[in-house]
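Engineer: Provide a 3D model corresponding to the input given below.
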Amino acid sequence: MKNIKSLLVVLIVIFAFSFSVSSQTVNLMSLDGEKIDVQGQKGKVVILAIGASWLPLSNQQAIFTNKLAKKFAGRDVIIYFVATDSTSPKSKNYASDEDIRKFAATNKMGVPVLRDSDGAITLKKFGIDQLPSFVILGKDGKPAAEAYGGIDPKSDITVSIAQQVDKLL
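Structural biologist: Take a look at the predicted model:
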């Protein structure tokens, strides 16, 4: 009986923790130091392009991100590039804010860039298992579909993302 009570307590703690993590909104910092609640953009569809400046496919992701930004300009869609580069200088995937700015400038990013060091928030929150990825949040701030993971440089992922966004507008 004592083991069953202990097991129940452990299960309740695990459930409470997982619920609190899943109900938290995603707050990220812009390169300008502004705190952005990406799930708090009520009434807007949000596209998160989650990548890393060190990842070669993120250059292609930047092209797709800019294409989506142009397509949805003036509509109720907000697009962010989320850099998952580490903020720890000891990490092999470290990038300073200046490094991220240089990546954004080189790729002519036309969207705000946010930081999520090592993907600690977004990868867990949205169940992302590969980079680069795209996540679409509906007007309620909740994921509207499974994350679009991985990029095939030979196909245009913006077509399927745009179709999903159009359904939400």
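
Engineer: following element in sequence after the helix-or-strand element of the chain with minimal mean pLDDT, please.
Structural biologist: Using mean pLDDT, DSSP states H and E, the weakest-scoring helix or strand in the chain turns out to be helix 2-23, at a mean of 44. Remark: after helix 2-23, the chain's next helix or strand is strand 27-30, criterion DSSP states H and E.

Engineer: state the mean pLDDT of that following strand.
Structural biologist: For strand 27-30, the mean pLDDT works out to 95.

Engineer: in its sheet, which strands sit next to that strand, and in what direction?
Structural biologist: strand 35-37 (antiparallel), strand 113-115 (antiparallel) (DSSP bridges).

Engineer: can I get that strand as CSV, trimmed to CA atoms?
Structural biologist: The C-alpha coordinates for strand 27-30 follow below in CSV (Å, rounded to 0.1, in the frame of the first residue of the first chain):
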residue,chain,number,x,y,z
ASN,A,27,8.8,34.3,-24.2
LEU,A,28,12.0,34.9,-26.2
MET,A,29,14.3,37.9,-26.4
SER,A,30,14.9,39.8,-29.6
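
Engineer: can you give me how far that strand is from the chain middle?
Structural biologist: Put simply, strand 27-30 sits 11 Å off its chain's centre (CA atoms, centre = their mean, to the nearest Å).

Engineer: how about that strand: buried residues?
Structural biologist: In terms of neighbour count (16 or more other CB atoms under 10 Å), strand 27-30 has its buried residues at residue 28. (C-beta placed from N, C-alpha, C; glycine too.)

Engineer: also stretch 127-139?
Structural biologist: For stretch 127-139, using 16+ other CB under 10 Å, the buried residues are 128, 131-138.

Engineer: state the pair within those residues that is farthest apart.
Structural biologist: 131 and 138 (22.6 Å; CB to CB).

Engineer: tell me how many other residues crowd the nearest residue to residue 65 once chain neighbours are set aside.
Structural biologist: Once flanking residues are discounted, residue 65 sits nearest to residue 49: 4.3 Å by CB to CB, 6 or more residues apart in numbering. Close neighbours of residue 49, defined as other CB atoms under 10 Å, add up to 27.

Engineer: same check on residue 44?
Structural biologist: Other residues close to residue 44 by other CB under 10 Å number 16.

Engineer: wait, what's in contact with it?
Structural biologist: 76-78, 139 (CB atoms under 8 Å, 6 or more residues apart in numbering).
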